[in-house]
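S.K.: Generate a structure from the sequence data that follows.
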Amino acid sequence: MLELVKAGGWPMIPLLLLSAVGLAIVVERFWALRRKAVLPPGLGQEVRAWASRGKLDPVHIESLRRNSPLGALLASALDVRNRPREEIRERVEDVGRHIAHRMERFLNALGTIAGAGPLLGLFGTVVGMIQMFLGVMEHGVGDVNQLAGGIGKALVCAAAGMIVAVPALIFHRYFRGRIDGYIVEMESEAIQLMDAIDPRARRAAAAVADAGLERQG
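M.R.: The predicted structure follows:
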């Protein structure tokens with residue numbers, strides 16, 4: 001591996017830096033986007049139980065806000081629970097956009113690495129070809145080592161650029177899809193909470209339950 005890096009020459013330095021940054025971003029995002037850290041199991045049901053029992057004091061809500069991204073979203077709905085449903089929905093949407101932005105942290109940088117890797121590899125290829133042609137001008141076409149060195153540097157840099165870019169692109173798409181899935185589930189939990197704290201929804205649910213009991217009777 002070290003020999004390949006040496007063969008690529010100085011254009012390999014930015015590629016190595018990009019690969020290190022990309023690896024750090026991937027590890028950090030895997031840790032930050034763990035499911036139990038974003039959507040703690042049972043949290044939505046627990047909050048709805050709080051709402052039904054009326055345990056919605058500021059201490060509970062602030063603790064919920066610090067719990068996780070889902071907790072912050074549900075806390076935003078509880079902050080304005082006494083307002084009309086449309087206002088609650090608007091608050092949830094506003095907070096949801098900020099939460100999604102935080103979950104997408106560093107993903108733009110990862111996408112930039114995916115795009116810059118092949119360009120830096122191409123740059124290294126051009127540098128290698130220039131060195132090769134300069135060697136031909138200086139020593140003629142008889143110096144096989146000079147030609148091989150230039151071609152080798154060009155190929156190594158091109159391959160390194162793709163090696164950096166392909167994993168970065170894969171993980172960029174993977175994290176985007178993961179975040180989109182989390183957002184859908186968080187929206188579902190928020191809607192269920194809005195139903196739980198909406199007096200009209202509770203009355204409608206109670207009416208449906210009473211009608212079912214009458215039919216059974």
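
S.K.: What is whichever strand or helix holds residue 116 packed up against?
M.R.: In the assignment (DSSP states H and E), residue 116 maps to helix 107-139. Packing contacts for helix 107-139, counted by 3 or more Cβ pairs under 8 Å, 6 or more residues apart in numbering; DSSP states H and E, involve helix 12-32, helix 144-197. The C-beta positions use only the backbone N, C-alpha and C, and glycine is treated the same way.

S.K.: Which neighbouring elements make contact with the shortest one?
M.R.: With contacts defined as 3+ Cβ pairs under 8 Å, 6+ apart, helix 12-32 has these neighbours: helix 2-8, helix 107-139, helix 144-197.

S.K.: Try it again at 10 Å.
M.R.: helix 2-8, helix 85-103, helix 107-139, helix 144-197 (3 or more Cβ pairs under 10 Å, 6 or more residues apart in numbering; DSSP states H and E).

S.K.: Take these and lay them out in CSV including distance to residue 24.
M.R.: Output for the helices and strands packed on helix 12-32, formatted as CSV (distance: least, Cβ to Cβ, whole Å):
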stretch, distance to residue 24
helix 2-8, 19
helix 85-103, 17
helix 107-139, 10
helix 144-197, 12
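
S.K.: right, and those helices - which one's nearest residue 29?
M.R.: helix 144-197 (5.4 Å; Cβ to Cβ).

S.K.: any low-confidence regions in this structure?
M.R.: Low-confidence segments of the chain (pLDDT under 70): 1-8, 55, 135-150, 199-217.

S.K.: give me that answer again for 90
M.R.: Along the chain, the model assigns pLDDT under 90 to residues 1-16, 46-61, 63-64, 67, 79-87, 118, 120-161, 194-217.

S.K.: ok, back up a step: quick one: closest of the helices and strands packed on helix 107-139 to residue 67.
M.R.: Once the helices and strands packed on helix 107-139 are compared by Cβ to Cβ, helix 144-197 is nearest, at 12.7 Å.

S.K.: ok and that closest one relative to helix 107-139, angle-wise?
M.R.: For helix 144-197 against helix 107-139, the angle by axes from the mean of the first three to the mean of the last three Cα atoms, to 10 degrees is 170 degrees.

S.K.: Residue 36: which of the helices and strands packed on helix 12-32 is closest?
M.R.: That would be helix 144-197 among the helices and strands packed on helix 12-32, by Cβ to Cβ, at 11.8 Å.

S.K.: Report all helices and strands that that closest one contacts.
M.R.: helix 2-8, helix 12-32, helix 35-38, helix 43-53, helix 69-79, helix 85-103, helix 107-139, helix 199-216.

S.K.: okay, the third one in CSV with CA atoms only?
M.R.: Extracted in CSV, the C-alpha atoms of helix 35-38 (Å, rounded to 0.1, in the frame of the first residue of the first chain):
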residue,chain,number,x,y,z
ARG,A,35,-31.8,4.2,15.9
LYS,A,36,-32.0,4.2,19.7
ALA,A,37,-30.4,7.6,19.8
VAL,A,38,-32.8,9.1,17.3
